[in-house]
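Colleague: sharing a model prediction with you, sequence too.
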Amino acid sequence: MQQSFGWQPLNPIKSPGQAFRLHVVALSAIACAFSAGFVQAQSSGLGAYSGTIKVSGTEVGPEVSYSASIQISLPVTNRDGSSINAEFFGGEAPNATVSISQWDSSYTETSADSDGKFSSWKCKLAAPVEISTTPTGVLNVDLEAKTHALSITLLSTEDVAFDCENSRSGAYQKKEGVILYIGTGSPGMQFENPLPFTDAAHLTANYTLMPTPETKGQYGPIIQEWDLQLTD
């Protein structure tokens with residue numbers, strides 16, 4: 001199954017940013033591995049942060065617009081008087097359910113072909129769809145500073161159907177996997193923008209992640225809204 005990052009399906013002409021997509025997944029895993037107190041997420045018995053995350057965003061090179069709603073549960077892996085942490089690799093937290101309502105993408109080659117024309121393609125979601133995804137990432141809640149930081153990468157476990165059109169070959173259909181990223185910073189950089197909370201047992205936020213130097217300005221803004229409850 002092909003995977004496309006957060007944002008665009010891989011295209012039949014060219015796949016810009018493919019190395020960066022892999023970089024994001026790798027950074028998310030590294031962020032987990034080196035977080036203090038990392039343990040097996042589903043075996044902790046320390047509760048979980050569960051709820052919804054809404055996300056929409058744009059991307060350039062190719063041009064992408066997307067919108068989705070996520071149902072997620074993040075098992076707590078470390079909990080003491082100063083912090084509550086949920087840190088997990090893929091497969092160590094329950095799969096999240098993602099409802100995708102929009103996923104439009106397009107791309108035009110920057111160099112003309114031999115006939116002087118610029119090849120292009122465009123794709124759109126064939127229909128609104130609900131898919132299962134595997135989360136990797138961290139949620140760090142600082143009880144002393146009363147702030148929280150988030151970094152989650154969601155990899156689809158199934159393919160999504162797209163209706164596409166190539167400027168040369170015409171209409172076609174394809175299916176492929178997708179990847180979404182949610183966070184208070186670039187993967188591994190979530191502590192740069194910690195967000196305040198009033199109740200550690202109920203984390204809510206409206207946060208827009210702007211394009212960053214790490215993403216070379218390609219990804220974002222990513223508009224995010226989450227409502228997560230801590231349950232025992």
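Modeller: That came through, no problem.
Colleague: the residue nearest the centre of the chain and residue 68, how far apart?
Modeller: The centroid of the chain falls nearest to residue 181 when counting by C-alpha atoms, centre = their mean (1.6 Å). The spacing between residue 181 and residue 68, counted by C-beta to C-beta, to the nearest Å, is 11 Å. Yep, even glycine has a C-beta here, placed from its N, CA and C like the rest.
Colleague: please apply the same query to residue 152.
Modeller: Relative to residue 68, and taking C-beta to C-beta, residue 152 is found at 13 Å.
Colleague: cool, residue 121 as well?
Modeller: Applying C-beta to C-beta to residue 121 and residue 68 gives a distance of 22 Å.
Colleague: got it, and residue 197?
Modeller: Residue 197 is 24 Å from residue 68, by C-beta to C-beta.
Colleague: ok, residue 55 - how many residues close by?
Modeller: Close neighbours of residue 55, defined as other C-beta atoms under 10 Å, add up to 21.
Colleague: nearest spatial neighbour of it, chain-adjacent residues omitted?
Modeller: Distances taken as C-beta to C-beta, 6 or more residues apart in numbering put residue 224 closest to residue 55, at 5.1 Å, once the chain neighbours are dropped.
Colleague: mind checking the SS state of residue 111?
Modeller: Taken by DSSP: H, G, I helix; E, B strand; the rest coil, the conformation at residue 111 corresponds to coil.
Colleague: contacts only, for it.
Modeller: Applying C-beta atoms under 8 Å, 6 or more residues apart in numbering, we find residue 111 in contact with residue 118.
Colleague: check the gap between it and residue 169 for me.
Modeller: Look at residue 111 and residue 169: by C-beta to C-beta, they are 18 Å apart.
Colleague: so where's this protein uncertain?
Modeller: 1-44, 214-218 (pLDDT under 70).
Colleague: pull out the buried positions in the helix or strand where the residue nearest to the centre of the chain lies.
Modeller: Using DSSP states H and E, residue 181 sits in strand 170-183. Neighbour counts over strand 170-183 (16 or more other C-beta atoms under 10 Å) mark 174, 176, 177, 178, 179, 180, 181, 182, 183 as buried.
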